[in-house]
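**Student:** Build me a model:
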Amino acid sequence: MGFALDMASVDGLNKDEALRRLGYVDTGRKTDRIGSDVAWAASKGRVVLVTRYGWLGPARLAELSGGASLVAGRFETRVGESHAWGYRNGVRIWSVLRTEERLYDDQYGLTVDGAPPPEFAVIRDRLLAERRAEIHEGDEPDEDLFDLPEALVDALGGWTPEGEGSEDLQFFVAAADGTAEPRYSGFISRLLKVFGRSR
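**Tutor:** Numbers count the residues shown, from 1 in each chain. Down below sits the predicted model:
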């Protein structure tokens, strides 16, 4: 079964502050349906936020990581899109993107920017070893490393839709508080003005 969603796993904020930065509040209502709007869960001392596909763009992730750190992902299994980002204190510090245009080069469809954490190399090497084993056994291997960004987000953030323990978290519905756009802090607002970035 496919899925399409954005997610972020935040370290250093409580769920009320994380939701407030997105213009949302907790309703306290449990949900099993994720990816249609905004839902949250607690995992290993982190706040996991899941939203509709394409909603957690760079400006929202920067705002969400102010004074904190996060790992974020965007996954669309039907078209084969798998992306991961790391942010700290309002700045993106690394990204690992699986993109169609890089599919047949020597990077196995990946574009890597910045300095991903050590888990990146461990997961990449494991997936490449699995690929080599498939070739050795005469099986048709995966043509790329589509699973790498999601596995990286799972390892760092404590949850992804198909990650280990994905069914163990209880998600709660969040509702817009009347300010659907994030309320930028002064620091982030100045950065956005300097770099001419919009929400």
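**Student:** Quick one: neighbours of Ile34, just the number.
**Tutor:** Per other CB atoms under 10 Å, the neighbour tally for Ile34 reads 22. Glycine gets a C-beta too; all of them are placed from N, C-alpha and C.
**Student:** host element of it?
**Tutor:** Counting by DSSP states H and E, no helix or strand carries Ile34.
**Student:** Contact partners for it?
**Tutor:** Ile34 makes contact with Leu5, Val50, Pro161, Phe171, according to CB atoms under 8 Å, 6 or more residues apart in numbering.
**Student:** pLDDT below threshold where in the protein?
**Tutor:** The chain contains residues with pLDDT under 70 at 1-2, 99-108, 135-144, 163-167, 179-199.
**Student:** can you pull out the helices in it?
**Tutor:** 15-22, 58-64, 118-136, 147-157, 186-195 (DSSP state H).
**Student:** So which of the ones you listed has the densest surroundings on average?
**Tutor:** Of all the helices of the chain, helix 147-157 has the most neighbours on average by mean count of other CB atoms under 10 Å, namely a mean of 23.
**Student:** Which residues outside it are in contact with it?
**Tutor:** With contact meaning CB under 8 Å, 6+ apart, helix 147-157 is reached by 7-9, 43, 46, 48, 70-73, 75, 82-84, 86, 96-98, 110, 116-117, 119-120, 123-124, 127, 160-164.
**Student:** Show the buried residues in these.
**Tutor:** Using 16 or more other CB atoms under 10 Å as the burial test, the contacts of helix 147-157 include 7-9, 46, 48, 70-73, 75, 82-84, 86, 96-98, 110, 116, 120, 123-124, 127, 160-161, 163 as buried.
**Student:** So which of the contacts of Ile34 wins on neighbours?
**Tutor:** Result: Val50 is most packed of the contacts of Ile34 (other CB under 10 Å), 27 neighbours.
**Student:** for that one, which residues make a bridge with it?
**Tutor:** Beta-bridge partners of Val50, counted by DSSP bridges, are Met7, Ala39.
**Student:** rewinding a little: redo the helices of the chain as a markdown table? Include distance to Gly35.
**Tutor:** As requested, those are exported to a markdown table (distance: least, CB to CB, whole Å):
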| stretch | distance to Gly35 |
| --- | --- |
| helix 15-22 | 15 |
| helix 58-64 | 16 |
| helix 118-136 | 23 |
| helix 147-157 | 14 |
| helix 186-195 | 26 |
